[in-house]
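Chemist: return atomic coordinates for the entry below.
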Amino acid sequence: MTEADVSDGIEEGKRLIRVGGPGGRSLAERLADRLDRLAWRTPLHALRLRGRHPLKLIAVPDDPILGDPRRGRALLDGRLAFAGESRAIAEIDWTKPDWSPRFADWLHGFGWLRDLSTVATRAQGAPIAEAFMAAWLARHGDTVDAAWRPDLCGRRVMAWTAHAPLILSSTDLVYRSRVLNTLARTARHLDRGADKVPAGAARIAAWGGLVTAGLLVPGGEARQAFGEAGLARALAIGITADGGVISREPSALLDAIALLCALREVYAARRLDLPEAPAAALARAVPALLGTLSADKGLGSWQGDAPLAPEVVAATIDASGIPPRPRRQSRDWGYQRLTGGSAVLVIDAAPPPVGRATFGGCASTLAFELSDGEARLVVNCGGAHAAVVQLPAEVTRSLRSTAAHSTLVVADTNSTAIHPDGTLGRGVAEVELARQESELGSRIEASHDGYVRRFGLRHRRQLMLATDGRELRGEDALLPAGRRRAGAAGFVIRFHLGAGVQVSPTADGQGAILRAPGGALWQFRCRGAAIGIEESLWIDGDGRPVPTQQIVAVGEAPAGGASISWAFKRAV
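Modeler: I've put the predicted structure just below:
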């Protein structure tokens, strides 16, 4: 039995999964970050960025992952298109940026070079890339500003080196010298700032860029050793023991995997093996990511993510070379996976991410998603981080709420408080879990304390997926705990339905009939609450809102608590 087999074993009995940490960044941390950014603009920092001008790169690594063909074709047509925003390249005014922060990160990180290289030959792509590069250098090459955020710098270094033929084909020696000199200055900036970004994918990107510069810019031996030590620390902090990323966003883990795959190609270009720390992190991360995928092998709607298409995920997984064996439970990362037949059930069985690890975590504890083959039956609204910029801010904020997830909500209150500034407050601090496997199927029981302090109630959810995947039985209970407030507490259990799922209530008012896009017919039954059908929305893979519906089970919990049982059963 391998180590992976042991770590993925199913343990029976109660287990405390994780205790949530402090809410947000401390005042001292925020002040230190502000002072660091101010220091970038000082003459002293400018002096630190001076050094020898490299004449060439030692090697040019391959980019192991294909880009987005749609965005690549838009670039060939003279437009930058990303996350619902579009700009004509010729009309980009770097002195008056009028784009969203997400769009800015994509521009400054030069991830669009991957998209361009996917659809263009060197002759087609080089004029576009070099014109853009020259304009960027004119505005940001000499001024250390927001575009020099360490994670963006790391991504830039990795993109510039992997796609050097697109940005260094010019015969203009002055332009070529400036590109290479800016690359070297960026590495010196990272020497002092790679740790100045949140732990997780951002810090991995910063240190990965520094290691890349150490390997590919002449005279970088000391930088390589320094960068490898920093990267090992970033991975130890940012990637959990079971392979998850501490921000708990599957898209962030996918990003981290892509960064490690690209870094491995940098080492390969120098005929070196990837060091042990990133190689081990990659081997842990891939199974963990696979454990959160829906039955269609696409990304689910967790912690503000949009449901990325299967081919997008597969491009990175294939590049990793790690055997595609999904991890069924990731205790530290917090996701549990139940499978039966063609059905997949994924449950968020942990507190929201620690505030210092992410900005904008979701109050989604004990939410689940159910998929059957190509059909996503029960989903979360998702998209709090991935929604297009045109979506109203108040709608985007609501996507982080407990009500935007397929779980129980007490008194229309989030299980973990979400402050107006976007940080998370009090709520779920611990989750208890029991899991069992038998010939009948997989069973999980989990509970959280998010409503104990405010309502004196603990939410317990039991789920059992049959071995053939044709039935999911569930029970939601509100159990007295702590000091109970007087009076009954109203609750709603929400089951957000996937795009294209048609639903109609049964005549007795205790259930509903669901027809999936592929034609499969499912029956829903509930006991202990009144059933209704309401409007909902789901953020698709492009970040756009799609009108959907949801089943709601409404009731009140008296002083002694309440128990509601329900089931989804496939009929055809």
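
Chemist: would you map out the domains in the protein?
Modeler: 59-324, 335-570 (automatic domain parsing).

Chemist: gap between the two ends of the last one?
Modeler: End-to-end distance of domain 335-570: 25 Å, with C-alpha to C-alpha, to the nearest Å as the criterion.

Chemist: wait, Gly220 sits on Gly214?
Modeler: Yes. Contact criterion C-beta atoms under 8 Å: Gly220 and Gly214 qualify, at 3.8 Å. In this view, the C-beta of every residue, glycine as well, is placed from N, C-alpha and C.

Chemist: what ranges does the stretch 451-572 of the chain have for its strands?
Modeler: 457-466, 471-480, 489-497, 502-505, 511-515, 521-527, 530-539, 545-557, 562-570 (DSSP state E, counting those that start in this stretch).

Chemist: mind checking those for the one nearest to Ile58?
Modeler: Among those, the nearest to Ile58 by C-beta to C-beta is strand 530-539 (43.0 Å).

Chemist: which outside residues touch the closest one?
Modeler: Strand 530-539 has contacts (C-beta atoms under 8 Å, 6 or more residues apart in numbering) with 301, 306-307, 379, 381-383, 386-387, 399, 496-499, 503-505, 509-512, 545-555.

Chemist: now do stretch 102-118
Modeler: 63, 65-69, 71-72, 75-76, 80, 82-83, 85, 87, 97, 99, 125, 128-129, 136, 140, 146-147, 149, 151-152, 155-156, 159-160, 162-163, 166-167, 389.

Chemist: narrow these to those that are buried.
Modeler: For those, a burial check counting by 16 or more other C-beta atoms under 10 Å picks out 63, 65-68, 71-72, 75, 80, 82-83, 85, 87, 99, 125, 128-129, 136, 140, 147, 149, 151-152, 155-156, 159-160, 162-163, 166-167.

Chemist: any common contacting residues for Gly220 and Gly214?
Modeler: By C-beta under 8 Å, 6+ apart, the residues touching both Gly220 and Gly214 are Ala187.

Chemist: where do the strands of the stretch 51-200 of the chain begin and end?
Modeler: With DSSP E, counting those that start in this stretch as the criterion, the stretch 51-200 of the chain has strands spanning 79-82, 85-88.

Chemist: the last one pairs with which strands, parallel or anti?
Modeler: Meaning strand 85-88. strand 79-82 (antiparallel) (DSSP bridges).

Chemist: can you list contacts of the strand it pairs with?
Modeler: Residues outside strand 79-82 that contact it (C-beta under 8 Å, 6+ apart): 70-71, 74, 86-89, 92, 102-103, 106-107, 112.

Chemist: and which of those residues is nearest Ala417?
Modeler: Using C-beta to C-beta, Arg102 is the member of the contacts of strand 79-82 that sits closest to Ala417, with 25.5 Å.

Chemist: what's the neighbour count on that closest one?
Modeler: The number of residues packed near Arg102 is 18, by other C-beta atoms under 10 Å.

Chemist: model confidence for it, exactly?
Modeler: pLDDT for Arg102: 91.

Chemist: against Gly111, how distant is it?
Modeler: If you measure Arg102 against Gly111 using C-beta to C-beta, to the nearest Å, the figure is 11 Å.

Chemist: go on, Val245?
Modeler: Per C-beta to C-beta, Val245 is found 18 Å from Gly111.

Chemist: for the closest residue to Leu260 other than its chain neighbours, which residues are in contact?
Modeler: Leaving aside its chain neighbours, Leu260 sits nearest to Leu282 (4.6 Å; criterion: C-beta to C-beta, 6 or more residues apart in numbering). Neighbouring residues of Leu282 by C-beta under 8 Å, 6+ apart: Ile257, Leu260, Cys261, Arg264, Leu274, Ser320, Ile322.

Chemist: one more time with 7 Å, if that's ok
Modeler: By C-beta atoms under 7 Å, 6 or more residues apart in numbering, the contact set of Leu282 is Ile257, Leu260, Ser320, Ile322.

Chemist: and the second one, helix, strand or coil?
Modeler: Same thing as Leu260. Under DSSP: H, G, I helix; E, B strand; the rest coil, Leu260 falls in the helix class.

Chemist: shift numbering so it begins at 513
Modeler: Renumbered: residue one is now 513, and that last one reads Leu772.

Chemist: buried residues in stretch 779-790?
Modeler: Tyr779, Ala781, Leu786, Pro787, Ala789, Pro790.

Chemist: over to stretch 599-609?
Modeler: Arg599, Ile604.

Chemist: got the CA positions of that stretch in PDB?
Modeler: What follows is stretch 599-609, C-alpha atoms only, in PDB (Å, rounded to 0.1, in the frame of the first residue of the first chain):
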ATOM      1  CA  ARG A 599     -10.300  46.300 -24.900                       C
ATOM      2  CA  ALA A 600      -8.900  47.100 -28.300                       C
ATOM      3  CA  ILE A 601      -5.100  46.800 -28.000                       C
ATOM      4  CA  ALA A 602      -4.500  49.900 -30.000                       C
ATOM      5  CA  GLU A 603      -6.800  51.900 -27.600                       C
ATOM      6  CA  ILE A 604      -5.100  50.800 -24.400                       C
ATOM      7  CA  ASP A 605      -4.200  53.900 -22.400                       C
ATOM      8  CA  TRP A 606      -1.700  52.800 -19.700                       C
ATOM      9  CA  THR A 607      -1.800  56.300 -18.000                       C
ATOM     10  CA  LYS A 608      -5.600  56.000 -17.500                       C
ATOM     11  CA  PRO A 609      -6.500  52.400 -16.600                       C
END
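
Chemist: so how far is that stretch from its chain's centroid?
Modeler: 29 Å (C-alpha atoms, centre = their mean, to the nearest Å).

Chemist: now what about that stretch, what contacts it?
Modeler: Gly590, Arg591, Leu592, Trp611, Ala616, Phe644, Ala647, Arg651.

Chemist: rerun at 6 Å
Modeler: Residues outside stretch 599-609 that contact it (C-beta atoms under 6 Å, 6 or more residues apart in numbering) are Gly590, Arg591, Leu592, Arg651.

Chemist: most surrounded residue in these?
Modeler: Ranked by neighbours (other C-beta under 10 Å), the contacts of stretch 599-609 are led by Leu592, which has 21 neighbours.

Chemist: do you know the pLDDT at it?
Modeler: At Leu592, pLDDT is 94.

Chemist: repeat that for Leu559.
Modeler: The model's pLDDT for Leu559 equals 67.

Chemist: ok, Trp606 next?
Modeler: 89.

Chemist: gap between it and His931?
Modeler: Distance from Trp606 to His931, by C-beta to C-beta: 34 Å.

Chemist: low-confidence ranges in the stretch 663-812 of the chain?
Modeler: Applying pLDDT under 70 to the stretch 663-812 of the chain picks out no residues at all.
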